[in-house]
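> Coordinates for the following, if possible.
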Amino acid sequence: MWRDVGHPFELFITPDHAIYMSDAIAGRILKLNTDGRILGAYGERGRGPGRLGDPHQLALDKDGAIFTANVVNWRPQKFRPKQAK
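Down below sits the predicted model:
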């Protein structure tokens with residue numbers, strides 16, 4: 001059990017065991033290790049480009065792009081991860 005890692009709605013585990021989690025309440029996507037330590041955070045809560053409002057479903061492609069269903073903005077969204085904040 002992990003504590004203090006947000007409000008998970010979806011998890012995606014990569015072949016190298018990185019865990020991506022859509023944190024719907026905070027409007028962000030977290031990258032975690034298997035111990036639950038946050039390695040990166042992507043996106044900001046809100047409306048408009050680059051912002052997330054209740055990200056739910058989550059997927060990554062082979063190049064590392066992150067896809068999510070953005071409920072508040074009513075559109076799928078794609079992120080290309082940069083340096084973690």
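
> in the protein, which residue is closest to the centre?
The centroid of the chain falls nearest to Ile29 when counting by CA atoms, centre = their mean (2.0 Å).

> pLDDT score assigned to that residue?
You'll see Ile29 listed with a pLDDT of 90.

> Give the pairing partners of the helix or strand hosting it; include direction for each.
According to DSSP states H and E, Ile29 maps onto strand 28-32. Strand pairing for strand 28-32, determined by DSSP bridges: strand 19-23 (antiparallel), strand 38-42 (antiparallel).

> Pull out the buried positions in that strand.
By neighbour count with 16 or more other CB atoms under 10 Å, strand 28-32 contains the buried residues 28-32. In short, each C-beta sits where N, CA and C put it, glycine included.

> Could you do stretch 45-58 as well?
For stretch 45-58, a neighbour-count test (16+ other CB under 10 Å) marks 45, 51-55, 58 as buried.

> Narrow the residues you listed to those in strands?
Among the buried residues of stretch 45-58, DSSP state E puts 45, 51-52, 55, 58 in strands.

> Please tell me how far Glu44 sits from Ile25.
Noted for Glu44: a distance of 13 Å to Ile25, by CB to CB, to the nearest Å.
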